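*Asks:* okay, here's the prediction I keep looking at, along with the sequence it came from:
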Amino acid sequence: MRVKRFIAPEIQEAMNKVRLDLGDEAVILQVRQVKEGGFFGFFGRNMVEVTAALEDKKRPEEVPYPIEPVRRNNDLSELRSAIEEMSAKLEDIGTKRAKSVTKLEQELLAKEIDEKLAKIISKKVSKRLGESSWEQLQAGIAAELQMLLENVKPIETDGKKAIVVVLVGPTGVGKTTTIAKLATHFAIIKKLKVTLITSDTYRVAAVDQLKTFAEIIRIPLEVAVNHNSIQQAIQLHQDKDLILIDTAGRSPKNQIHMSELKTLLDKAQPDRVFLTISATTRLKDMLEIVEKFDSPYIDSLIFTKIDETADLGAIVNVVNKTKKPLSYLTNGQNVPDDIFLANPQQLVQRILGGMVE
């Protein structure tokens, strides 16, 4: 008697393999669900295993009596029952998986994750983890979000030349306070030679604010009244480690403002440009800001005021859309304390809230 195992994703496909290999006279011995592939037994794919047998045919001279056709009613009945049972199990698995995907999507949507991205992540996690517990699925979601946010790019100096850093963004996002925090951090904590330049001459308060900070931490402040004076200020302070440039808030809807900003960046030729966005901004407006401020100079993102909103999922959407790294997050007005380098794990825990312990 020949006994063979046949494995396929679906029961019908497995049965077709049986017929092709052993013929219609094969006897089904067992039908069960197995996992194939994976890593040490985990993450395997659900498959159907059919064990079938075929009796060896005897030569005519060895048969002492005429062969009569045998109807295997019992075998057929058992096979039908096995198939029906396996189909019910597979249907139940499919239903559970669909429900888990839907639940994961709902959780992500509730955290302000974009609908399309939520669908992609939830399906990916459900497919990879299969019938895992809800806690494991949640951990899988957290891992996927962390991978989206893993590219973090801080300010780095090389000690060879002055690194020029510019902060840009719309009005009211906290650029001036953020640049004061950065200046204090690098001048006082990192002990670097830092210069501040402000081109925000539209607001007297902005110049006064930076002047006060500069005096407190004893670093130079240059006020650039036009684009040429920015170039001159940068040249004047080439002996410094870091030059931080504050810019006036620009409306993304104002083409003249956007044109002026482009001219400023062309003149400054900075090493780094941070697009600064308030975490309290609506996602729709965030995406418009990203689109309008899009420039080959902009290489990183800073999100401010994360302490003023409970919905930080929009950060994931912006990072996913722009493919630009995160750099710094701010969570208050205190200088220099309320600024920190983005930490993907902590940020994801904050985004998901009670979803992940």
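*Replies:* Nice, I can see it.

*Asks:* end to end, how far does stretch 302-321 reach?
*Replies:* Stretch 302-321 has an end-to-end distance of 15 Å (criterion: C-alpha to C-alpha, to the nearest Å).

*Asks:* any idea of the mean pLDDT in that stretch?
*Replies:* Here stretch 302-321 scores 90 as its mean pLDDT.

*Asks:* which other residues reach stretch 174-191?
*Replies:* Residues outside stretch 174-191 that contact it (C-beta atoms under 8 Å, 6 or more residues apart in numbering): 155, 157, 165, 167-169, 192-194, 196, 198, 200, 206, 209-210, 213-214, 217-219, 241-242, 244-247, 249, 276, 278, 302, 304-305, 328, 330, 333, 335-336, 338-339. The way it works is simple: take the backbone N, C-alpha and C, and place the C-beta from them, glycine included.

*Asks:* filter those down to the buried ones.
*Replies:* 155, 157, 165, 167-169, 192-194, 196, 198, 200, 206, 209-210, 213-214, 217, 219, 241-242, 244-247, 249, 276, 278, 302, 304-305, 328, 330, 335-336, 338-339 (16 or more other C-beta atoms under 10 Å).

*Asks:* circling back: among the contacts of stretch 174-191, which are in helices?
*Replies:* A206, Q209, L210, F213, A214, I217 (DSSP state H).

*Asks:* just checking, I277 touches I302?
*Replies:* Yes. Between I277 and I302 a contact is recorded at 7.3 Å, counting by C-beta atoms under 8 Å.

*Asks:* dump the ones in helices among the contacts of stretch 174-191 into TSV; add pLDDT and distance to N16 as well.
*Replies:* As requested, those are exported to TSV (pLDDT from 0 to 100; distance: C-beta to C-beta, whole Å):
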residue	pLDDT	distance to N16
A206	67	74
Q209	80	76
L210	84	76
F213	85	76
A214	89	79
I217	89	77
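
*Asks:* and the residues you listed, which is closest to Q269?
*Replies:* Nearest to Q269 among the ones in helices among the contacts of stretch 174-191: L210, at 21.8 Å, using C-beta to C-beta.

*Asks:* name the nearest residue to Q30, ignoring sequence neighbours.
*Replies:* Spatial nearest neighbour of Q30, chain neighbours left out: T51 (4.2 Å); criterion: C-beta to C-beta, 6 or more residues apart in numbering.

*Asks:* ignore what I typed, I meant R218.
*Replies:* Excluding the flanking residues, the one nearest R218 by C-beta to C-beta, 6+ apart is A187, at 8.0 Å.

*Asks:* please apply the same query to G313.
*Replies:* Spatial nearest neighbour of G313, excluding adjacent residues (C-beta to C-beta, 6+ apart): E112 at 3.3 Å.

*Asks:* now the one you found, what's its secondary structure?
*Replies:* Under DSSP: H, G, I helix; E, B strand; the rest coil, E112 falls in the coil class.

*Asks:* what's the answer for I7, then?
*Replies:* Recorded secondary structure, I7: strand (three-state DSSP).

*Asks:* wait, what's in contact with it?
*Replies:* I7 touches A14, V34, E36, M47, V48, E49, V50, counting by C-beta under 8 Å, 6+ apart.

*Asks:* thought L137 was touching S126?
*Replies:* Yes. If you go by C-beta under 8 Å, L137 and S126 touch, sitting 6.9 Å apart.

*Asks:* give the buried residues for the helix or strand harbouring L265.
*Replies:* Following DSSP states H and E, one finds L265 within helix 255-268. Neighbour-count burial for helix 255-268, counted by 16+ other C-beta under 10 Å, picks out H257, M258, E260, L261, L264, L265, K267, A268.

*Asks:* again with stretch 306-318
*Replies:* Applying 16+ other C-beta under 10 Å to stretch 306-318 flags I306, L312, G313, A314, I315, V316, N317, V318 as buried.
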